[in-house]
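> next one to model:
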Amino acid sequence: MPPADPSARTRPGGTLAGILRTTAFRVTLLHLALTLFGTAALSAVAWWATTGFAARQVAEEVARDMGVLQQAAQLGGLASAAVSVEARLAADRGGAEYYALTAPDGGRAAGNLAEAPRLPGWRNLRLEGGPAGPETTLLALGAALPGGGFLVVARDLAPVRELEARLLGAAGWVGGGALLLGLLGGAVMGRGVARRAAAMEAALAAVEAGEITRRLAAREGGDEFDRLAARINATLDRLAALMQAVRQVTDDIAHDLRTPLARLRQRLEAALRTAPRSEAEWEAAVEGALADCDRILGIFAALLRIAQVESGARRAGFTRLDLTAVAEAVAEVYAPAAEARGQVLETRLAPGLMAWGDRELVTQMLANLVENAVTHGREAGHIRLTLEARPSGGALLAVADDGPGIPEAERKRVLRRFHRLDAARSQPGSGLGLALVAAVAELHGMRLTFGDNRPGLRAVLEVPAPPQGTPAGASHPSPG
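I've put the predicted structure just below:
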């Protein structure tokens, strides 16, 4: 059966149904709905303000005419008011002005309104067969005149209604255009996002299928998809490096365990072939086998300890510890070993320097560095252990020797598990000591560097200052 195409699952994303299901298209629709709602709200406010202004203008004209005609009636009586009404009708070219002047007996004195209610105040009147169509709406104001007459002044509201209709039509066109453009933009955006997501999914599917060198396309300084792709590529690079490290560790474990296991088997076979043996020979064979077993168990114990340190479980038990006392204790323990090789172990330790961490792990870390200096340093050489305060806070802990040192190209590699400068494994050791040092330093937020001591190696640990306000022995979560 042929292998499945890794990109097959991504192809539906380019179809219309796939686009409609994309998050980008849904977000676009939501944005479109909010935009339409906002447009409708603003249009309603604009419509209310515009038509309201036009209606107020009409009302002001009616009120102004009413005031002028009332003044004419007060000065010259009903006849003067009638002359003013007829003059205004003669001057009205648009046919939008309406008047009704009635005498005290109810008879029509002047005006173009056949019928008008003799009711004071504002009201709307409907006029059949007006100039604006079969039915016209008028805004009317009625008021009694001196001497018993009654006057109604009205204006045609057709221009206001026409303005309202035009505003509603324009709002409809704008809303429809916004809806159409939003849908088209959403489709285009959704298709583009779907294509990019499909390309990312296809690349990840290829990685899942075993093509671990496959990476996502990412433009420098691009959008969020490019930043996400760059982050995924960095994660894939990290995973590839970890896989390579696992393979390397596996090979190194097999290489380092093969020798003690082969030696153990040889001892046991030799014990069987040469039987019967004396009690002393049996004891020597058993002791040699136990030594090989101890070495194998020591390798596994070191691996488990490194794994425990890297998990961060020991961070919960961090306390304030006396770093000077730890350095003094390690120097005292390794002084006899250095003396046995004719070496001088010199200490220059500033008093009272404190640190934050696990005392046992810090002691083990420093012991590994000093043991490396004693083991790999020059016979009858000089080893210096120094501890000094940093001006910016914290401390500098350094172990220096005058041995062969470590080549600059190997200084990062020696921190890996089982990596040894002695590729032939001719000298004792497992290559886990500096790996444990690196794990403990990272757990405590320390920076480990190797430098040239001219001659020899100088290992430096930059120790951060302990948190303020924590008494000795108090547990406190590490910020790291």
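> going forward, measure contacts between C-alpha atoms and count neighbours the same way
Noted.
> elements contacting the strand or helix carrying residue 84?
Counting by DSSP states H and E, the secondary-structure element that holds residue 84 is helix 23-91. Using 3 or more Cα pairs under 8 Å, 6 or more residues apart in numbering; DSSP states H and E, the elements in contact with helix 23-91 are strand 97-102, strand 108-111, strand 133-144, strand 150-156, helix 158-208.
> between strand 133-144 and it, find me the angle.
Counting by axes from the mean of the first three to the mean of the last three Cα atoms, to 10 degrees, helix 23-91 points 60 degrees away from the direction of strand 133-144.
> got the angle for helix 23-91 vs helix 158-208?
Angular relation of helix 23-91 and helix 158-208 on a 0 to 180 degree scale: 170 degrees, by the same axes, to 10 degrees.
> show me how far helix 23-91 is from its chain's centre.
Going by Cα atoms, centre = their mean, to the nearest Å, the spacing between the C-alpha centre of helix 23-91 and its chain's C-alpha centre is 53 Å.
> likewise for stretch 439-451?
Using Cα atoms, centre = their mean, we find the averaged C-alpha position of stretch 439-451 to lie 29 Å away from the chain's own average C-alpha position.
> parallel or antiparallel, which strands does the helix or strand harbouring residue 461 pair with?
In this structure, residue 461 sits in strand 457-463 according to DSSP H and E. Paired strands of strand 457-463, with direction, are strand 395-401 (antiparallel), strand 447-452 (antiparallel) (DSSP bridges).
> state the mean pLDDT of it.
Strand 457-463 shows a mean pLDDT of 89 in the predicted model.
> check stretch 389-401 too.
Here stretch 389-401 scores 89 as its mean pLDDT.
> and the gap between the residue of the chain most remote from its centre and residue 118?
Among the C-alpha atoms of the chain, the one most distant from their mean position (Cα atoms, centre = their mean) is that of residue 105, at 85.8 Å. Shown here: residue 105 relative to residue 118, a distance of 12 Å by Cα to Cα, to the nearest Å.
> all strands of the stretch 301-450 of the chain, in order?
Taking DSSP state E, counting those that start in this stretch as the criterion, the stretch 301-450 of the chain contains strands spanning 319-322, 344-349, 354-357, 382-389, 395-401, 447-452.
> now do the contacts for residue 108.
Residue 108 sits next to 100, 101, 102 when contact means Cα atoms under 8 Å, 6 or more residues apart in numbering.
> around the second one, how many other residues sit close by?
For residue 101, the tally of surrounding residues (other Cα atoms under 10 Å) stands at 27.
> and it, what does it touch?
When contacts are counted by Cα under 8 Å, 6+ apart, residue 101 touches 82, 108, 109, 110, 111, 149, 150, 151, 152.
> for the third one, give its distance to residue 88.
For residue 109, the distance to residue 88 equals 15 Å [Cα to Cα].
> out of the two, which sits in the busier spot?
residue 109 (19 against 16).
> ok, the more buried one touching residue 99?
No. No contact is recorded between residue 109 and residue 99 when judged using Cα atoms under 8 Å, the distance being 10.4 Å.
> quick one: residue 114 from residue 388, how far?
112 Å.
> buried set for stretch 113-125?
Taking 16 or more other Cα atoms under 10 Å as the basis for neighbour counts, the residues of stretch 113-125 that come out buried are 113, 116, 118, 122, 125.
> surely the second one is in a helix?
I take that to be residue 116. No. Following the definition DSSP: H, G, I helix; E, B strand; the rest coil, residue 116 is coil and is not counted among the residues of a helix.
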